[in-house]
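> Below are the sequence and a predicted model; questions follow.
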Amino acid sequence: MTRRLARGAVVAVAAALGVAALSTAVAAQAAEEDEAAAEPVEAVPRFVGVAAGFYHSCGVYADGSVACWGENGWGQTEPPAGQFSDVVAGARHSCGLMSNMTITCWGDNTHGQTGVPDGSFVSISAGAYHSCAVRPDASVVCWGSNASSQRAVPPGTYSAVAGGAGHTCGLRTDTTIVCWGDNTYDQTDAPPGEFSAVATGDQHSCGLGSDGTVTCWGADFVGQTDAPAGEFSAVSGGIWHTCGLRTDASIVCWGDGNYGQTNAPPGEFSAVTTGGLHSCGLRADGTIECWGNLHRLTAAPDGRFSALNVGAEHSCALGSDGTIACWGNNTSGRTSAPTGEFTAVSAGTWHSCALAADATLACWGENSYGQANVPEGEYSVVSAGWLHSCAVGSDAAVTCWGHNDDGQLDAPDGEYTEVASGGLHSCAVGSDGTVSCWGNDNHSQASPPEGRFTAVATGDEHSCGVRADAAIVCWGGNWAGQSDPPDGEFSAVTVGMWYSCGLRTDGTVACWGYDGGLADPPEGTFRAIGAGRRHVCGLRTDGTIACWDFAPVVATPSGVRAVTGADPGSCRPLGVNNEPTAGFPLPEWAVSAHGTVRVAVLFLDFPDATAAHTTQREAEIGLPVAEEYLETSSYGNLDVEFVPLHRWLRADRNRFDPEEGHPADLQQAVADMTVRLADDDFDFTGFDSVMIVMPSTHFGGGDAGRAVDTEEGSVAGITRINLFPVEDRPREPIQWGRVAAHELIHNLGLVDYYAIGHAHQLPDPESGKIWVAGAFGPMGLGVRILAEPRDPRLVHLVRFPNGATSSQFTPELGAWEMLAWSRWQLGWLDETQIRCVTEPAETIDLSPIADPGDGIAMAAVPLSDTEVLVIESRRRTGYDAGWRFRWSNGATSTLPGLPTEGVLVYTVDAARVSGLLPLKIAGDTGDGRVDAYPILTVGQSVTLHGYTVTLDADSEEIHTVTITKTVEDDAEAAEAEQVQA
């Protein structure tokens with residue numbers, strides 16, 4: 001299998017992954033010995049070495065012991081006792097070179113990266129998911145992940161080694177550098193010359209020349225290889241940044257500094273190390289100073305509380321005085337609880353609800369589906385779910401509101417005492433103790449067992465309940481054992497994404513299912529618990545709150561000063577950790593968006609939906625379109641290689657009957673079945689993605705997934721094309737290249753920008769008008785506008801095979817050039833092409849996104865930690881000129897594109913996932929409609945979030961815009977948000 005680590009993969013790299021210098025411990029010890037007049041008494045222990053991982057760091061004390069701090073989801077900050085001379089840190093593991101020359105590693109071992117070989121060693125390096133070390137005989141041995149042959153050490157003798165994400169570099173004893181492993185960005189193409197040290201980053205490498213200069217090579221998305229001039233004594237590479245220790249003992253950093261990781265403090269240092277989004281330096285006095293962003297979760301508030309409820313990424317608690325305190329992710333205001341006296345609170349995925357002392361309801365946070373629009377009346381119980389809410393009324397009936405695509409609002413009649421709102425389903429405990437569930441049941445999560453219950457909890461794909469005999473039973477999805485509770489007596493149960501936790505009658509907590517590094521519950525007794533997406537909180541019997549999560553944070557020890565937090569001028573917001581969002585970095589499973597992407601193409605039909613045409617014909621109507629779009633949109637950064645198996649694989653079951661449920665239920669089953677049918681005839685080695693194409697005569701649409709297993713190993717990406725049955729089947733084969741491009745972009749790590757379900761249901765248009773879709777880019781950013789049915793912007797000419805032509809109208813204006821923001825996420829735009837605006841007023845010349853050359857392709861204004869205002873230039877060139885389309889009858893046409901040239905203004909929210917409008921066009925209040933086509937022409941302006949964007953001039957090559965800050969606070973911005981013509 002080819003490499004699966006991608007740009008933006010969640011990895012720790014650097015000096016942590018191989019510092020280009022002698023051991024930091026050795027260097028610092030030498031500096032210490034040079035101090036003739038050391039203070040006789042130290043207030044804190046002295047460090048002699050430091051290493052930074054992705055979200056954790058470690059240091060070696062002068063007495064040889066090791067301390068680690070930061071995220072500890074895999075035990076990477078729990079070093080063993082012993083005497084160490086050096087320490088290194090990888091993505092989720094750490095290793096130490098002991099004084100007896102053996103190596104000990106701790107933390108994540110999913111790739112064998114802590115499985116140290118026997119023998120003696122003189123130096124060590126930790127890569128993302130592998131480790132390497134130099135033996136006394138100058139040979140190098142590596143262990144751990146070998147997905148990109150990063151363990152395949154070339155013959156020779158070495159004095160140092162440095163591990164990156166999917167590659168490794170070594171400094172030979174003849175002072176030359178050789179690298180091996182993943183070479184997608186030329187990170188293993190070491191230059192000739194004499195070097196004294198070597199360092200590796202995520203996808204770049206650096207060498208310290210014998211003359212003290214630094215040379216870097218490989219990926220240069222954000223300037224991480226643009227080393228400054230001058231003399232250095234050490235260099236270290238992070239994910240997208242690099243730091244060097246100058247000979248005057250100062251530190252300078254370059255590359256991505258959006259989280260403050262390049263803002264090195266002044267002063268003298270003896271060593272430097274770079275991690276994921278932070279950097280650390282060792283001062284001559286033995287203290288450590290770190291800067292950047294450790295991405296720590298918000299701690300629970302102090303005080304005494306009477307109730308607790310946990311949402312996906314936030315939590316809420318009820319104080320003893322009836323007030324509500326919420327903490328965590330505050331996107332959409334989900335932690336901005338109202339004032340007043342309350343008796344209960346519930347935290348959902350994106351919103352929260354509470355029961356007031358007068359029995360009325362209050363909800364706040366995300367309201368795109370009306371989930372925060374509380375009904376009138378008196379209630380006794382309330383529950384906030386994913387995109388809907390439910391409550392038990394004073395009459396014991398259940399009422400639900402919000403998103404209802406799967407019937408999760410359709411509560412059955414009857415009397416109930418408890419209700420729980422899950423992902424796409426709901427459950428309630430009846431007055432007779434039985435449980436009823438409704439909504440999505442694709443994993444049987446809405447099919448409860450018989451019997452009497454006292455409590456019920458719902459998640460995304462499974463549910464659990466406490467029986468009258470105090471036993472817990474779960475039903476629904478169980479791929480990780482989340483529905484296999486332990487024996488014993490329990491008083492409460494809570495459900496996370498793929499795990500569950502129960503509160504035993506003795507007050508202790510037990511959890512089961514996917515732990516993925518989930519910390520063990522703390523000692524002590526609790527009276528309530530709640531599970532979120534990646535964390536659990538418990539209300540102790542003394543009224544205090546304790547939380548633990550997939551990455552519990554170990555506090556920094558004395559002697560370490562942390563300067564953390566995002567750069568206030570950052571236009572690169574941090575997304576949800578390893579989840580696809582509109583933020584940075586891209587998830588670690590994403591296929592690389594640079595170099596060659598190899599896609600295995602398999603063709604699948606069914607006994608009752610057979611293809612009457614060849615696979616060659618099916619391929620011709622889709623693959624060239626997808627290939628051209630992706631390669632053109634990448635400005636040549638991406639080369640797509642489709643390798644088809646040209647025969648129809650016959651499924652061993654009939655095609656899916658849409659009356660039996662949603663086709664998405666069988667997505668993974670379709671992928672597994674197809675690969676199984678092809679495995680004997682196809683070698684999947686070296687492929688980044690698998691595309692399964694079903695006959696376009698019977699199916700349409702598509703979807704994407706993360707991985708599929710083959711006999712040769714796991715392939716990172718999976719796309720299914722023509723997945724959903726069409727009503728007018730069979731038909732002539734129809735072009736699906738645009739669908740394929742969309743799904744492959746999902747494999748690269750991008751999300752859907754459109755709203756899922758029926759959030760944008762449109763009212764009947766006014767008389768004489770129709771609704772017209774205005775779409776931008778392939779991922780679904782769009783709005784609806786009202787237009788005349790014969791609006792000339794909607795006309796396109798259809799050319800038939802016999803030479804005849806006909807003018808047709810279509811209710812869509814498709815500007816299909818990929819958005820500037822998408823291209824920046826994928827690394828197809830350089831940092832020099834992005835203008836991050838932090839001044840109160842700035843005028844910028846924007847080049848067209850279809851072909852920006854070396855010009856400014858995007859202006860961005862940071863609005864908050866997760867939100868950015870974006871402005872880009874759109875012209876009737878490239879894919880904005882229209883989309884060439886071939887109809888099933890052989891006719892061709894160019895569908896309408898951008899009707900007018902100008903600038904597009906939209907907002908980005910990196911905390912929103914697919915389907916919850918992570919991008920939104922200016923003027924869209926959330927209903928998907930605007931008053932006019934959303935392109936500003938000369939003289940027009942738009943005001944939102946306290947900024948006014950005006951298009952001043954159009955030279956036919958450059959759009960000149962002025963961005964002006966008009967208000968100072970969010971309240972004024974909300975009042976001023978309007979579209980101006």
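Structure received. Residues are numbered from 1 along each chain as shown.

> In contact with residue 916, which residues?
Listed by C-beta atoms under 8 Å, 6 or more residues apart in numbering, the contact partners of residue 916 are 350, 366, 368, 755, 756. The way it works is simple: take the backbone N, C-alpha and C, and place the C-beta from them, glycine included.

> was I right about residue 491 contacting residue 470?
Yes: applying C-beta atoms under 8 Å, one finds residue 491 in contact with residue 470, separated by 7.0 Å.

> what's the overlap in contacts for these two?
In contact with both residue 491 and residue 470: residue 505, using C-beta under 8 Å, 6+ apart.

> Which residue of these two possesses the greater neighbour count?
More crowded of residue 491 and residue 470, by other C-beta atoms under 10 Å: residue 491, with 18 against 14.

> Is it correct that the more buried one falls within a strand?
Yes: the assignment for residue 491 by DSSP: H, G, I helix; E, B strand; the rest coil puts it in a strand.

> Most neighbours among the contacts of residue 916, which one?
Counting by other C-beta under 10 Å, top hit in the contacts of residue 916: residue 350 with 29 neighbours.

> What mean pLDDT does the lengthiest strand in the chain get?
For the chain, the strand with the greatest residue count under DSSP state E is strand 638-650. For strand 638-650, mean pLDDT rounds to 96.

> Over to stretch 714-721?
For stretch 714-721, the per-residue pLDDT averages 84.

> same thing with stretch 726-736?
78.

> Which parts of the stretch 451-600 of the chain are helices?
Per DSSP state H, counting those that start in this stretch, the stretch 451-600 of the chain carries no helices over any range.

> Flag the shaky bits of it, pLDDT-wise.
515-519, 549-556, 561-569, 576-579 (pLDDT under 70).

> quick one: the strands in it?
Here the stretch 451-600 of the chain has its strands, by DSSP state E, counting those that start in this stretch, at 453-458, 462-467, 472-476, 490-495, 499-504, 509-513, 526-531, 535-540, 545-549, 553-554, 560-564, 595-605.

> Burial-wise, tell me which of these comes out on top.
Highest mean neighbour count among those (mean count of other C-beta atoms under 10 Å): strand 462-467, with a mean of 26.

> Pull the residues that contact that one.
420, 422, 425, 427, 429, 435, 437, 443, 445-446, 448, 451-457, 472-478, 482-483, 485, 490-493, 495, 500, 502.

> Tell me what angle it forms with strand 490-495.
Strand 462-467 runs at 170 degrees relative to strand 490-495, counting by axes from the mean of the first three to the mean of the last three C-alpha atoms, to 10 degrees.

> what about strand 462-467, distance to the chain center?
30 Å (C-alpha atoms, centre = their mean, to the nearest Å).

> Now that strand - C-alpha only, CSV.
Output in CSV follows, covering the C-alpha atoms of strand 462-467 (Å, rounded to 0.1, in the frame of the first residue of the first chain):
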residue,chain,number,x,y,z
HIS,A,462,-26.5,3.0,19.8
SER,A,463,-28.6,3.4,23.0
CYS,A,464,-28.4,2.1,26.5
GLY,A,465,-30.8,1.8,29.4
VAL,A,466,-30.7,0.9,33.1
ARG,A,467,-33.1,-1.9,33.9
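
> Taking strand 453-458 as reference, get the angle to that strand.
Using the same axes, to 10 degrees: strand 462-467 against strand 453-458 is 170 degrees.

> Show me what strand 462-467 pairs with in its sheet, parallel or antiparallel.
As defined by DSSP bridges, the strand partners of strand 462-467 come to strand 453-458 (antiparallel), strand 472-476 (antiparallel).

> As TSV, these with distance to residue 408 would be great.
Compiled in TSV, the strands paired with strand 462-467 are given as follows (distance: least, C-beta to C-beta, whole Å):
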stretch	distance to residue 408
strand 453-458	10
strand 472-476	14
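
> closest to residue 305 out of the ones you listed?
strand 453-458 (19.6 Å; C-beta to C-beta).

> what residues does the closest one touch?
In contact with strand 453-458 (C-beta under 8 Å, 6+ apart) are residues 385, 418, 420-423, 425-429, 433-435, 437, 445, 448, 463-468, 492-495, 500.

> Serialize the strands of the stretch 451-600 of the chain to a markdown table and add fields for distance to residue 624.
Listed next are those as a markdown table, based on distance: least, C-beta to C-beta, whole Å:
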| stretch | distance to residue 624 |
| --- | --- |
| strand 453-458 | 46 |
| strand 462-467 | 43 |
| strand 472-476 | 43 |
| strand 490-495 | 46 |
| strand 499-504 | 45 |
| strand 509-513 | 45 |
| strand 526-531 | 48 |
| strand 535-540 | 47 |
| strand 545-549 | 47 |
| strand 553-554 | 50 |
| strand 560-564 | 48 |
| strand 595-605 | 12 |
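
> Identify whichever of those lies nearest to residue 81.
Taking those one by one with C-beta to C-beta, strand 553-554 is closest: 16.0 Å.

> Residue 485 - how many residues pack around it?
Counted by other C-beta under 10 Å, the residues lying close to residue 485 total 23.

> Which residues are in contact with the closest residue to it other than its chain neighbours?
Sequence neighbours aside, residue 472 is the residue nearest to residue 485 in space, at 4.1 Å (criterion: C-beta to C-beta, 6 or more residues apart in numbering). Listed by C-beta under 8 Å, 6+ apart, the contact partners of residue 472 are 464, 465, 466, 485, 490, 493, 500, 502.
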